[in-house]
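# A structural model of the following input is requested.
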Amino acid sequence: MAKPTRTALVPVENITRAILVLRGHKVLLDTELAALYGVSTKRFNEQVRRNRNRFPADFMFQLTPEEQRSLRSQFATSKTAPSGRGGRRYSPYAFTEHGAIMAATILNSPRAVEMSVYVVRAFVQLREVLSSSKELALRLNQLEARIEKKLASHDEAIAAMLSAIRELMNPMPPTHRSIGFTADLEEK
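Okay, the predicted model is just below:
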């Protein structure tokens, strides 16, 4: 009997929606990764701090207060209160694709290892979408240039037709010659 295949714990599309672009990098926040890997954000960040040497600057960075405020306004995250009630005490960490994979290795749980595959697939899917949209934009620009070139020649043709129509609408008054012999000295 064939072994049944496991279905995704979280659809790749859901992970893709959680990926943000910060400082020119596609990243997942620590809260998203912790939820995906099945641990609390506090425990997740503890493991990251214990293994800080595994996370160089191109794997992980901490958000600035301005970035955090910007995200809070976009996603209605909880407010950091100085009184100690609610919210986070520290700015969140942002993990690039490589950082997300490294985080799965330091957690060393079966769920983290399994979910890291889906995280990688989400980053790859996002990369494919971005590259296809760049290709689409290039093709659109080429089409637009061709249309503008054709429109310019069409505009000239339409202008010529309009001037011809105007000439037909205002014909020159016909010159009628009288019947018979007349001495018109001015026409010579």
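
# mind checking the pLDDT average for the helix or strand harbouring Arg111?
Per DSSP states H and E, Arg111 falls inside helix 110-169. What helix 110-169 shows for mean pLDDT is 80.

# so what secondary structure elements neighbour that helix?
Packing partners of helix 110-169 (3 or more CB pairs under 8 Å, 6 or more residues apart in numbering; DSSP states H and E): helix 12-18, strand 25-29, helix 30-37, helix 97-107. Every residue, glycine included, has its C-beta placed from N, CA and C.

# so which elements touch the first one?
Here helix 12-18 is seen to pack against strand 25-29, helix 110-169 when contacts are counted using 3+ CB pairs under 8 Å, 6+ apart.

# hmm, back to that, most tightly surrounded among the helices and strands packed on helix 110-169?
helix 30-37 (a mean of 22; mean count of other CB atoms under 10 Å).

# and that one, what does it pack onto?
Going by 3+ CB pairs under 8 Å, 6+ apart, helix 30-37 lies up against helix 41-50, strand 93-95, helix 97-107, helix 110-169.

# among those, which is the most enclosed?
strand 93-95 (a mean of 24).

# residues in contact with it?
Contacts to strand 93-95, defined as CB atoms under 8 Å, 6 or more residues apart in numbering, come from residues 20, 22, 25, 27-30, 33, 45, 48, 59-63, 103.

# at 7 Å instead, please
With contacts defined as CB atoms under 7 Å, 6 or more residues apart in numbering, strand 93-95 is touched by 22, 27-30, 33, 45, 48, 59-63, 103.

# now the helices and strands packed on helix 12-18 in TSV, with distance to Tyr93?
Shown next, in TSV, are the helices and strands packed on helix 12-18 (distance: least, CB to CB, whole Å):
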stretch	distance to Tyr93
strand 25-29	7
helix 110-169	15
